[in-house]
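Student: quick one: sequence plus predicted model below, questions after.
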Amino acid sequence: PGGARGRVEESRHSYYIKGSWTRGHDEAALMEDEGFGIFSLSFVLGDAGRETFQLWLDGDPARALHPPEPLSVRGIPVCGPDDDRGERCWLVGGALADHSGRRGRTGDRCRVQLEVSGRWRKVGWTFVESDGLFDVLQLVAAVVGSSPYSSLSRRSYDIVLYGATGFTGRLCAQYLAGIVQSSVEPWVRSLRVAIAGRSMPKLEKLQQEIGFRFPMLTADSDDMDALLSLARSTCVCISAAGPFMRFSRNLVAACSEVGTDYTDINGEAPFVRYLIDHFHVAAEASGSFIVPNCGFDCVPSDLGCLAALELLHKRSGREHGCSAVTVRNYMDVRGVVSGGTIASGIMVAEDPELEAQVANPFVLGGALGANPAVGHEDVKAAHFDDRRLCWTAPLEMARVNARVVRRSQHLFQEHFEEGSANVYSTSFSYRELAVAPTEAAARRMAAPPPAPPGGRR
């Protein structure tokens, strides 16, 4: 029933969504009661870029709310509740756009909203901005955990965290334990997560410290049989084991061989170059997604630059955007450096070949135009910025962040013509700088670190 909306009443019922992304024939996700007869739930579009759903009154599949026809869009009467058996569903994504004209794509977050007043009901949805790691985990569940036709759905785990006992691995384990225990989303609480590393005693100690019992797996970084077994057991492997060139290279080889998706937090440009050169073909053949650099190196830089270019392109009003764009990223960085990051830096400093790759602004691609070096050189000295009226200094993370940004430019240039889909012009340039509080601090930051007595160990 549709019709005129009457007085808003407090609902005596709960509403659930049974979507194509939820697991099991009879499993549905509880919608959040926002009050005043409004219920909502957010999800992420899976690998097909489209999803279907019904609403179940009080979680009962025999009391389904649905559109009058299969694969319907919003803005039509809401039928039920009745035992529809999932035949008539709303369709989100694909070629259909929301009210703003945006079409859904794989990875987009969608918010479904139900409005209820007596027998008057309205169903609608919109695409919303990403919510960081939470959306990454939801996409994992949507893509690899829900399809009964996928071999991945039969694996033992959704996520295996490798290198869980290190500094950053421990933080990831704490986060995963927290959301698995406390999330209001059923799909999060049902995530099958395991932790992995080289030492079982360290994994057991970690479980005691975080107060949550994950399944534990052991695999040495040089044991290919163990790494292959680990990779076959999970849909997605997250690596926090650095230096990555030393401790995660074989794990990527295993994942790319057996079709397991891989992501990490590495900040090593030579490692990424190695992955591209050695595992791209195998990963493409097996269907594995290899997604490195998903920590502070290099998500803020890469996505921040893309967002700035998209905004500039939109505001320019030109069919092909701006012909020349220079992006400067000023970072005010605080905090401490982990042991793994220090070890990665030492490994590079001791290997002239790796050091040469790190020094190359285009080690990951992006060398386009007649003089690609102009505007891309790494900042090497302290400098007073007349526009920002502050002192700046070299930023160590620029030696990977800027390379990843240029790889994004390279991929856009390779796959799209310059225009609406490609906001990177051929004369695009990018630099990163550290903001310093004083001139003295800037000069200290620009000075090379002293070598430890007796050389590096």
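Tutor: Right, received. Where do you want to start?
Student: quick one, helices of the protein?
Tutor: Counting by DSSP state H, one finds helices in the chain at the ranges 133-144, 167-182, 186-189, 200-210, 224-232, 244-247, 249-258, 269-286, 299-316, 339-349, 352-359, 398-415, 439-446.
Student: enumerate the positions of the fifth one that are buried.
Tutor: Neighbour-count burial for helix 224-232, with 16 or more other C-beta atoms under 10 Å as criterion, is recorded at 226-228, 230-231. C-beta here means a position set from N, CA and C on the backbone, and glycine is covered the same way.
Student: helix or strand with the lowest mean pLDDT in the protein?
Tutor: Least confident helix or strand, the chain: helix 133-144 with a mean of 51, by mean pLDDT, DSSP states H and E.
Student: thinking again about what came up before, how about the helices of the chain in TSV, adding distance to Asp108?
Tutor: Below are the helices of the chain laid out as TSV (distance: least, C-beta to C-beta, whole Å):
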stretch	distance to Asp108
helix 133-144	9
helix 167-182	21
helix 186-189	17
helix 200-210	32
helix 224-232	28
helix 244-247	30
helix 249-258	25
helix 269-286	23
helix 299-316	15
helix 339-349	33
helix 352-359	35
helix 398-415	19
helix 439-446	40
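Student: which one of those lies closest to Trp391?
Tutor: Of all those, it is helix 439-446 that lies closest to Trp391, at 4.0 Å by C-beta to C-beta.
Student: which strands and helices sit next to that closest one?
Tutor: If you count contacts as 3 or more C-beta pairs under 8 Å, 6 or more residues apart in numbering; DSSP states H and E, helix 439-446 packs onto strand 390-393, strand 429-436.
Student: and that helix, what's buried?
Tutor: For helix 439-446, burial by neighbour count (16+ other C-beta under 10 Å) applies to 442, 445-446.
Student: between strand 429-436 and that helix, find me the angle.
Tutor: 130 degrees (axes from the mean of the first three to the mean of the last three C-alpha atoms, to 10 degrees).
Student: for Arg431, give the beta-bridge partners.
Tutor: Counting by DSSP bridges, Arg431 forms beta bridges with Arg328.
Student: so it touches Asp385, yeah?
Tutor: No - with contacts counted by C-beta atoms under 8 Å, Arg431 stays clear of Asp385, the gap being 11.6 Å.
Student: neighbour count winner among the two?
Tutor: Set side by side, Arg431 and Asp385 show more neighbours around Arg431, with 20 against 13, by other C-beta atoms under 10 Å.
Student: out of the buried residues of helix 224-232, which is nearest to Glu115?
Tutor: Nearest to Glu115 among those, with distances taken as C-beta to C-beta, is Ala231, at 45.6 Å.
Student: which stretches of the stretch 351-457 of the chain have low pLDDT?
Tutor: For the stretch 351-457 of the chain, residues meeting the criterion pLDDT under 70 lie at 368-374, 417-421, 449-457.
Student: repeat the analysis, applying 90 as the threshold.
Tutor: Along the stretch 351-457 of the chain, the model assigns pLDDT under 90 to residues 351-359, 365-378, 387-388, 396, 409-429, 447-457.
Student: try the stretch 1-150 of the chain
Tutor: Using pLDDT under 90, the stretch 1-150 of the chain drops low at 1-13, 19-38, 40-52, 59, 68-80, 82-87, 90-113, 115-122, 124-150.
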